[in-house]
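Peer 1: The sequence and its predicted three-dimensional model are supplied below.
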Amino acid sequence: MDDFLVWLEQTTLGDFIHTSSSLLAFPTVLTMHTFGLCFIIGANTIVSMRLLGIAPNLPLQPLRKLFPFMWIGLILTILSGFALAIAAATTRLLNPILLFKLVVIAVASPLMFRMQRKIFNDALVSQDTVPAGAKEMAAGQLLLWLVVVVAGRLIAYSATILGEGY
């Protein structure tokens, strides 16, 4: 396993992100990661808050258009997160906080898909009806994505505390 992680760090991409002083390296990848999270969490928060009963006069139909932003954000976050992880694979990919964050994303993503399919199907959206279980799904989404963000910050702090650099 260690040999594989060393190899990942030494790939062209891993080495570039980790050692380059170019703004296209670590700063750009981290910015893309942040934008991806903003797309997911921003759009998801709007939808979830509406489902929780905030702004009940806001129709559901227009909120359906936010899901593509969530999925683009998820893809951007995964790709940039992978790039950040391989830049210091020997430390980051063994970090239990990162592994926890990945598990939470693996739970939040299918829940987001389920929310899109169950709540935002044509019949319910045209009636502007919030089905049973929608509030729980919305609250779950808000909590899960908050945990993802907190875990992401803790990864950076744990690397600093452990002297691994970030």
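Peer 2: Looks like it came in fine. Residues are numbered from 1 along each chain as shown.

Peer 1: I'd like to know how many residues surround Val104.
Peer 2: Other residues lying near Val104 total 18 when counted by other CB atoms under 10 Å. Just so you know, the C-beta spots here come from the backbone N, C-alpha and C atoms, and that holds for glycine as well.

Peer 1: What strand or helix carries it?
Peer 2: helix 96-119 (DSSP states H and E).

Peer 1: Give the other helices and strands that that helix contacts.
Peer 2: With contacts defined as 3 or more CB pairs under 8 Å, 6 or more residues apart in numbering; DSSP states H and E, helix 96-119 has these neighbours: helix 26-51, helix 67-87, helix 134-161.

Peer 1: Phe113 is nearest to which of the ones you listed?
Peer 2: Closest approach to Phe113 among the helices and strands packed on helix 96-119 (CB to CB): helix 67-87, 8.8 Å.

Peer 1: pLDDT of stretch 23-38, averaged?
Peer 2: Taken as a whole, stretch 23-38 has a mean pLDDT of 94.

Peer 1: got the contact list for that stretch?
Peer 2: 16-20, 72-81, 83-84, 87, 148-149, 152 (CB atoms under 8 Å, 6 or more residues apart in numbering).

Peer 1: who's sitting farthest from the centroid in the protein?
Peer 2: Gln127 (30.7 Å; CA atoms, centre = their mean).

Peer 1: Show me where the protein dips below the pLDDT cut-off.
Peer 2: 122-126, 159-166 (pLDDT under 70).

Peer 1: Can you give me the separation between the closest residue to Val130 other than its chain neighbours and Leu24?
Peer 2: In space, Val130 comes closest to Leu51 once its chain neighbours are excluded; the distance is 5.8 Å by CB to CB, 6 or more residues apart in numbering. Distance of Leu51 to Leu24, computed by CB to CB, to the nearest Å: 39 Å.

Peer 1: and these two? which has more neighbours close in?
Peer 2: When Leu51 and Leu24 are compared for neighbours, Leu51 comes out ahead with 25 against 10, by other CB under 10 Å.

Peer 1: right, and that one touches Lys135 too?
Peer 2: Yes: taking CB atoms under 8 Å as the definition, Leu51 is a contact partner of Lys135 at 6.1 Å.

Peer 1: Just give the nearest non-adjacent residue to Ile72, would you?
Peer 2: Phe39 (5.9 Å).
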